[in-house]
Structures are given as structure tokens and as C-alpha cells.
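Chemist: Need coordinates for the below:
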Amino acid sequence: MDLITVLSELEGQEETSLAVKVFEVIQKQDWYKPDIFLYKDLIIALAKCRKMDEAMKLWESIKKEYMFPDSQTYTEIITGFLRDGSPSDAMNVYEDMIKSPDPPEELPFRILLKGLLPHPLLRNKVKKYFEELFPEKHAYDPPEEIFGRC
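Modeler: Got it, this is the predicted structure:
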């Protein structure tokens, strides 16, 4: 069983922390080569366990390795910050996403638009860019009586 398979089966915080420690040991080995999928699995596991500080350390490591996250990784880290009540951190990830050489996909935008309902100024900024990037798609605006003015 390889490390990626083990990571995909992690559910607890202790197991996730242990996996990060194992990864840090692996990184120091002469034979280590950066693997975006390994980073992705670790970041997703950390975000799901609400360990956003640790997830962001790995996020920064990706940049140092000159790699770029994929849409799923952006989605999970944005979701993690929104779940933790950190819309400004989610927006920082959004800014990183729109600067990525890979074109962004629709899902991270939709997650961000939903999570930013209580923050209309931030949401409108994301919505405007979403509509420019995906002109054929519609960004749902909930009725004001349910969520307030957006």
C-alpha cells in the first residue's frame, strides 16, 4: 500500500498529522521528487480535519516546488476556510486560483459564492469575475428574504 492510498483513507486528525510527519521525513530523502498528487491528498485531508494552518504550510510548499494545485485542491481549501469562518483567507486562495496558469473551473467559484453570502462585497467581486469567465453560466442569487441583501 502506497502513501497516497493511505492518505485517501485517513479520517482522523491524529492519522492526518502522522501522515504529514511521514511526508516531511520523505521530503528530506535524496530520492524524493515533488509529487503534486501527494501534496493534494495531504492538503485535502488537513482541510477536512480543520487543520488549516498545516494545510497552508503545504500550500506554500507547493509554490516553492513550482507546482500548481488543481481545481479539487482549490475547492477543498476554500471550503475549509469558509467552514472555519475565514472568508479573507478563502479570498486569498481565490486570488491565487485566478492567477494560476491552469484556467479555473466552475466548482471552486460556486463554493466561494455560496460561502460568501454573508459578505456581499466579497461575493460581488467573485461573482463579477465568475460571470466574465463563464458567460454562459448563471451565478444563483438567493432571494433577499432568505439570506438578506447580497
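
Chemist: CA only for contacts and neighbour counts going forward, please
Modeler: Will do.

Chemist: how about the closest residue to Tyr32 other than its chain neighbours, secondary structure?
Modeler: Taking Cα to Cα, 6 or more residues apart in numbering, and ignoring the residues beside it in sequence, Tyr32 has Ile26 as its nearest neighbour in space, at 6.5 Å. In terms of secondary structure, Ile26 is helix; the call rests on DSSP: H, G, I helix; E, B strand; the rest coil.

Chemist: how many other residues sit next to Ile26?
Modeler: Here the number of neighbours of Ile26 (other Cα atoms under 10 Å) works out to 13.

Chemist: confidence score at it?
Modeler: What the model reports for Ile26 is a pLDDT of 77.

Chemist: From Lys40, how far off is it?
Modeler: Ile26 sits 16 Å away from Lys40, going by Cα to Cα, to the nearest Å.

Chemist: Kindly report the same for Lys48.
Modeler: Lys48 sits 12 Å away from Lys40 when distances are taken as Cα to Cα.

Chemist: low-scoring stretches of the protein, by residue?
Modeler: Scanning the chain for pLDDT under 70 picks out 1-13, 143-150.

Chemist: Which residue ranges make up each domain of it?
Modeler: By the record's domain assignment, the chain is partitioned as 1-67, 68-150 (automatic domain parsing).

Chemist: Quick check: which element contains the spatially most central residue of the chain?
Modeler: If you average the C-alpha coordinates of the chain and look for the closest C-alpha using Cα atoms, centre = their mean, you land on Ile77, 2.3 Å from that point. Using DSSP states H and E, the element containing Ile77 is helix 71-83.

Chemist: next SSE after that helix?
Modeler: Toward the C-terminal end, the helix or strand that comes next after helix 71-83 (DSSP H and E) is helix 87-99.
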